[in-house]
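[1] generate coordinates for the sequence data below:
(one chain, ligands or ions: 1)
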Amino acid sequence: MDYELKRAWQRGATALAVPASCLLVLALLCVRGAAWREFWNVRTIGVVTNLNRTNKGGCHPTIEYSVGGKTYNFQPAWTYSAENFALGQNVTVLFPPNQPEFGMLDLFGEVWLLPIGLSIASLVLLALGWRARTGLPPILHGLAGFGLFVFGAVAGMSVFGLLCMKGGLEIFSSAPVIVSLFGGIALFFALVPACALLAGATWHRYVPARCGRCSGRMVSQFVGKQLIYTCNSCGNRR
Ligand SMILES: [Zn+2]
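    Below is the predicted model of the structure:
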């Protein structure tokens, strides 16, 4: 078997393992946060004070609740079907013991949907990375390239945050407001697409897909908006 090709596939598997591990760590942190909400937060009764109906027949209710004589309100993370809530309806609210302002609805979806979604996404990426050791078929190869593109964008945003946000390096902190504003905007719109394109392009440049017919090297190429795969050995095209 082609040694160079094997090496390229192994590099691809390593490249996928990086975002997969980052996502897995994030997912575990979210699971920990959700478990903390579920088991260590305080429960109280809240009231639906506004349904905030959306155009598509959904609602994004405002929930009001009181702790220690002070009233707080919040909106849930997701949009719900309008039948799920009624004005004046009582709901259970979770809040951290010493931070009553961070209320959230005590519903399975509110607490667990994000951690479960992230866990599944990270496991799918890990499986994809595992499979990539022996080459990915064109469809999965394209999907992995897109995943890396998104990961690159997120990485770009993180670098931007690190450079410019409060608590980070704050490179514009001593500059005049106008410089910091436009500098920040320019940096954001340069950094995020650059990182995304770099991650996606590096993947397509250095990691070939695996031909379904002869298991050989398939090179990917963007023709307009379409991604075309061509096998170097047997000429198979996808
Ligand atoms: Zn082939």
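
[2] drop to CA atoms for contacts and neighbour counts, all remaining ones
    Will do.

[3] what about the helices in this structure?
    When secondary structure is read from DSSP state H, the chain shows helices at 3-40, 108-132, 138-164, 177-206.

[4] in JSON lines: the ones you listed, plus distance to T62 and mean neighbour count.
    As requested, those are exported to JSON lines (distance: least, C-alpha to C-alpha, whole Å; neighbours: other C-alpha atoms under 10 Å):
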{"stretch": "helix 3-40", "distance to T62": "20", "mean neighbour count": "17"}
{"stretch": "helix 108-132", "distance to T62": "14", "mean neighbour count": "18"}
{"stretch": "helix 138-164", "distance to T62": "30", "mean neighbour count": "19"}
{"stretch": "helix 177-206", "distance to T62": "33", "mean neighbour count": "16"}
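
[5] please identify which of these is closest to the ion.
    helix 138-164 (11.5 Å; C-alpha to the ion).

[6] how much does the closest one deviate in direction from helix 108-132?
    On the basis of axes from the mean of the first three to the mean of the last three C-alpha atoms, to 10 degrees, helix 138-164 is oriented at 120 degrees to helix 108-132.

[7] tell me if helix 138-164 is near the ion.
    No. Helix 138-164 is not in contact with the ion by C-alpha under 5 Å from the ion; minimum separation 11.5 Å.

[8] what does the chain put close to the ion?
    So far as C-alpha under 5 Å from the ion goes, the chain lies against the ion at C211, C214, C231, C234.

[9] make it 6 Å
    C211, R213, C214, S215, G216, C231, S233, C234, G235, N236 (C-alpha under 6 Å from the ion).

[10] circling back: can I get the helices of the chain in CSV with distance to T49 and mean pLDDT?
    Conversion of those to CSV gives the following (distance: least, C-alpha to C-alpha, whole Å; pLDDT from 0 to 100):
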stretch, distance to T49, mean pLDDT
helix 3-40, 23, 94
helix 108-132, 19, 94
helix 138-164, 36, 92
helix 177-206, 38, 91
